[in-house]
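Q: Sequence first, then the predicted structure, then my questions.
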Amino acid sequence: MSIRYLLSLALFAAAGGVSSAWAQTSDITASANVNNPERVYTISNCNGLTMTPYTSPTQKSENAGKFAFYATSTEGQYLIYNVDSKVWVSYDQAYSYSNGPSKAKLISDKASAQPWKATKTTAQNGSAAYEFQPITSTGKADKYMNWHGGVDFNPLDNKTITVGLWQDNGKQDNGSAWVLHEMVSNTYTVSGASVTINGKTYNDGETITVSGSLLPSDVTAPEKEGKFATIQIDPETKTITVAYYDLPTLEDSEPYTNAWLYPIQQDKVGDASAWQENNVYTLGNNVLQASFLNTEKAIYFLGSKAMNLVAGTEPFYVNFGSGVSVAASQMTLGKVELVDLAAEPNAIRGAKHYAGKALQANYTYSYNGQQISIVWRAVLRSGSHYLRTEMELTGVDDVDMFSIIPMSYKVDTKAAGSKPSAIGNTRGKVVLNDKIFAGLETPTAFNTVEDVANTDNSVIQGMWSRHTTLKKGDTWKVSAVVGLIAQDGKQSSKNIRETQKRRSFLAYSERERAVPWRANPCYISWYELNIDRNNAAPGREYTNMTADGVLDVLAHWKSSLWDRYNVAPKNFVIDDGWDNYGTWTFHSGFPREMRDIASQAADMGASVGAWLGPVGGYGQSGEYRRNYWKNNGGMQLSNPKYYDTFLAAATNLVKNQHDENGKGSFGFFKFDGISAQGTAVGPDPGDTGNENAEGIIRMEQYIRDNLKEDIFFNTTVGTWASPFWYKITDATWRQDADWKKIGTNPNDREAWITYRDMQVYNIYVTDSPLCPINTLMTHGFILTEHGDVSKNMNYENALNELRCAFACGSGMVELYNDYKLMDNINNGKLWSDLADLIKWQKDNADVLMDAHWVGGNPWNGYSHEIYGWAAWNGKKSTLTLRNGDTKAKSITLTLREALEIPANISGKIVLTKPFDDQAALEGLTESEAIDIDQQLTLTLPANSVFMFGGVDADPSSAINGVVNNKNEKKTLADTTLYDLSGRKVTSKHGVLVSNNKKFIVR
């Protein structure tokens, strides 16, 4: 992360007061006055880390130090002064210096301070920079200022750490190349009405000089009853003007009380409508309205009563160059219009199935002669309990960009009854209070909250950092959302799992994600065909794996699963070992690429998929791939040449993997490793890390837009627990080790299940509670002789793992199973178990998108707790519980708690088991109505998993309609019938045949 980005956070802090601005400079100008230095700088290295007042590294704008340089008698040598702490950045002078951290000393005596030689250089990343060297006792410059060892040796924001030294210069190591940003000043003139800036009033004709730039949000005008003040700041003439407009009356809306998940349409939310009264535009439905003012020169947000958002904010800000901020009101406003959005019955994205309304505005702006064109719109579709805003930024010329703020709202916290906060510990977290959720719809966003001084308002804001060039003709797209939390009476509970906050956000997410939740069990070849056998030397890649080996696997799946049970995985994924190192082309072991494999998969109704490692993959083969690009810009998606190579490979896979007759298709990408972080909370540090993450997002969006919209993307190592990943991808990685054991259970398979699920509990359920767990890559089911994984081949434990892999609700279930073991364990019974679970997942596709956590921590550090997963859609439910301990344990709960049923709903549910071989669960009566508030004490035996299906006990409300994610009704005559447990039953001419049970129709 660069200092240019970091300081933009300060630039857009919305708490009031004058904004600070820093401009990158290529020259050091020495100060003379120690008490009040004339020129003040921040210092950042080209790895994106910034120097604190202690000279330790930071990634937080508020921790950036301010420094001044004072000339010495030797040209090019300076004393460096820390303005914040009033100390000199010195060192112990010696004959020579060694590499290491914490070499700098902070001293108060100028006479004792040692000088630093400053030399201009060009960093590895092409930036103009400086190198700083200490001077030896013999007068020579030696070593280079550097945080030796990076943040491993120099923890972020550590007050005990000072900057160190390293042997490589700035051309060899970005950590030795330093970029300076200087504080700049501007003088503004007030024109017309008086204004208040930083607590002081300025009248017509008066001027104010500030350090940095003024934004309209820095200026306040006198309040007038029933009026709204707009502030215009001309960045060219530096004039401040005020205009007043009538405030509209914000209408009350019906309360939003219950969230329902797509594909159920939220009919009570109502159809979207739009209207214009004079210069005010309003979008609305039954539960929310949002208004905007058009002054002919600018658009302003006029508020939303339902969401407690107050008037006065800009639609967006754009930061150019080194952080030069321009508000939307400072740009040239073009055409403004209300737009009808047609329903698209065949759309992939859920929300597009419904018509809507949009307010659209066009802007242009020229920065340093570089023109940018912007289309902004506010969007409301029928059934949406949320308002989205979208931006499309197109470079008319090459435009030097810094960051974009597409979302900035003021929340009336007194009216809302609670203050918003950012929930989670990652980039792309969600802003939340008891009434609303909000955020930029990208996992790389910085979604933040800041209180406005002396008011009841908080500003919620989303920033998208793009410290790069928007190329001529290219278009960037970014969007934001603010939506309602269902008010069921428990919305103020501190425990999110007792509220409808998760489900309210999920109701939005499922409508807007790239592809709504879908069942996608997939065979993945990694263990059976690849692990420890994929590291042949360059030129011998054909020995890693072959198409013949894959075809053998597919033939066995067809005979053992498809031919017997008429089910199969959705995709057969070739995981590593198929490529020529570095080029992502097929080696000679795949003479027909995957065309023959795709054709054979099609015989089972399946597609093929492939693994690609954006940063090269793992082990020796990963090193071979990276070596190919070592002197060619690096194997990273921020390298344009590598990006083009990667895209060409992806295009070939999507378009060409079918036989001569068109039989076969490609349906799955496993993009494994967008960074080297096994556990991540955001991109790798610095602009390069940020742009690598943006690279995979851009890649996936291009493939969806241009090649195959409904392709399945599993974006793995390097992703983090932001729910906004699913706006782009289908699945993300649960984090940390592929396979590991934890807990006190000596059974390695049970200990592995515990570890896998503990990671989900800690990283998602606990640390990022609004991030869905319904499409996680967990490493589902691993049954193999290869690799360092479970060696216990007991049937009962393998069945536990298999059932958990499906019951957790993840749409993508990874099947890493050797067919020989499937054949041999318990006489091949696992094949029929797998068939049952594939059918179970498909049959419950209308409820599993609500998958959420039940119970406690699989391993809390000293004991195993009972836990599991549940899902509920208002009519139907699933519930699974696991005990991973070696002794029986009990859990007490209600179905309301487990299924997270809203407080304003009551009733009874009938639970039944989906599989005949499942034993009865002590404390639970199956096939009888259970009140959702009845306390149940359930006792699970050691090493056990229990799965249940549930339906509303009122037979008149038994579900019958949602089929394969389409709102399509079937009659009894042409319908497969199931009892309440999900088991298929027989029927003759529409007459149900079974033992006086209730039935549902699918």
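A: Cool, the structure landed.
Q: Helices of the stretch 651-800 of the chain, start to end?
A: 686-706, 748-760, 795-807 (DSSP state H, counting those that start in this stretch).
Q: Mind telling me which of those helices the model trusts least?
A: Out of the helices of the stretch 651-800 of the chain, helix 686-706 stands lowest, with a mean of 92 (criterion: mean pLDDT).
Q: which helices and strands sit right next to it?
A: helix 640-656, strand 666-671, strand 712-715 (3 or more CB pairs under 8 Å, 6 or more residues apart in numbering; DSSP states H and E). Every residue, glycine included, has its C-beta placed from N, CA and C.
Q: Among the ones you listed, which comes closest to Gln133?
A: Across the helices and strands packed on helix 686-706, the minimum distance to Gln133, taken as CB to CB, is reached by helix 640-656, at 33.7 Å.
Q: for that closest one, packing partners?
A: strand 607-612, strand 666-671, helix 686-706.
Q: Save those as JSON lines, and put in mean neighbour count too.
A: Formatted as JSON lines, the helices and strands packed on helix 640-656 follow (neighbours: other CB atoms under 10 Å):
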{"stretch": "strand 607-612", "mean neighbour count": "25"}
{"stretch": "strand 666-671", "mean neighbour count": "25"}
{"stretch": "helix 686-706", "mean neighbour count": "20"}
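Q: nearest to Asn63, of those?
A: Using CB to CB, these put helix 686-706 closest to Asn63, at 16.5 Å.
Q: and Ser112, which of the helices of the stretch 651-800 of the chain is closest to it?
A: Per CB to CB, nearest to Ser112 of these: helix 686-706, 34.6 Å.
Q: Measure how the closest one sits relative to strand 607-612, angle-wise.
A: Per axes from the mean of the first three to the mean of the last three CA atoms, to 10 degrees, the angle that helix 686-706 makes with strand 607-612 is 160 degrees.
Q: got the CA positions of helix 686-706 in CSV?
A: This file holds the C-alpha atoms of helix 686-706, laid out as CSV (Å, rounded to 0.1, in the frame of the first residue of the first chain):
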residue,chain,number,x,y,z
GLY,A,686,1.9,-2.0,-1.9
ASP,A,687,0.6,-0.9,-5.2
THR,A,688,1.8,-4.1,-6.9
GLY,A,689,-0.1,-6.3,-4.4
ASN,A,690,-3.2,-4.2,-4.9
GLU,A,691,-3.0,-4.3,-8.7
ASN,A,692,-2.4,-8.1,-8.6
ALA,A,693,-5.7,-8.5,-6.8
GLU,A,694,-7.4,-6.1,-9.2
GLY,A,695,-5.8,-8.2,-12.0
ILE,A,696,-7.7,-11.4,-11.1
ILE,A,697,-10.9,-9.4,-10.6
ARG,A,698,-10.5,-7.9,-14.0
MET,A,699,-9.7,-11.3,-15.5
GLU,A,700,-12.7,-13.0,-14.1
GLN,A,701,-15.0,-10.1,-15.0
TYR,A,702,-13.7,-10.2,-18.6
ILE,A,703,-14.3,-13.9,-18.9
ARG,A,704,-17.9,-13.5,-17.6
ASP,A,705,-18.6,-10.5,-19.9
ASN,A,706,-17.0,-11.9,-23.0
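Q: residues touching the closest residue to Ala32 other than its chain neighbours, list them.
A: Computed as CB to CB, 6 or more residues apart in numbering, the closest residue to Ala32 that is not its neighbour in sequence is Glu38, at 6.6 Å. Taking CB atoms under 8 Å, 6 or more residues apart in numbering, we find Glu38 in contact with Thr29, Ser31, Ala32, Ala68.
Q: Tell me the confidence at the third one?
A: At Ala32, the predicted lDDT confidence score is 91.
Q: count of neighbours near it?
A: 11 (other CB atoms under 10 Å).
Q: Need the phi and psi values for it.
A: Main-chain torsions, Ala32, degrees, to the nearest 10: phi -120, psi -40.
Q: circling back to that earlier point, of the contacts of Glu38, which belong to strands?
A: Ala68 (DSSP state E).
Q: you'd agree Ala113 is up against Gln77?
A: No: the pair Ala113 / Gln77 is not scored as a contact, 11.4 Å apart, by CB atoms under 8 Å.
Q: Compare the two and say which is more crowded by neighbours.
A: Ala113 (21 against 17).
Q: quick revisit: can you tell me which of the helices of the stretch 651-800 of the chain comes nearest to Ala177?
A: Nearest to Ala177, of the helices of the stretch 651-800 of the chain and by CB to CB, is helix 686-706 at 11.8 Å.
Q: re earlier: can you tell which of the helices and strands packed on helix 640-656 is closest to Gln266?
A: Here helix 686-706 is closest among the helices and strands packed on helix 640-656 (CB to CB), at 25.3 Å.
Q: can you map out the strands along the stretch 901-1002 of the chain?
A: 908-912, 929-931, 936-940, 944-952, 962-963, 966-967, 977-979, 984-988, 991-993, 999-1001 (DSSP state E, counting those that start in this stretch).
Q: Reformat the helices of the stretch 651-800 of the chain as TSV; add distance to Arg513.
A: Output for these, formatted as TSV (distance: least, CB to CB, whole Å):
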stretch	distance to Arg513
helix 686-706	12
helix 748-760	19
helix 795-807	21
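Q: Which one of those helices lies nearest to Thr778?
A: Across the helices of the stretch 651-800 of the chain, closest to Thr778 is helix 748-760 (CB to CB), at 5.5 Å.
Q: now what about that closest one, what contacts it?
A: So helix 748-760 is in contact with 734-737, 739-743, 745, 773, 776, 778-779, 782, 789-792, 794, 797-798, 800-801, 804, 808, 853, 857-859, 864, 867, 882, 884, 943, going by CB under 8 Å, 6+ apart.
Q: List buried residues within the residues you listed.
A: 734-735, 739, 741-743, 745, 773, 776, 778-779, 782, 789-790, 797-798, 800-801, 804, 808, 853, 857-859, 864, 867, 882, 884, 943 (16 or more other CB atoms under 10 Å).
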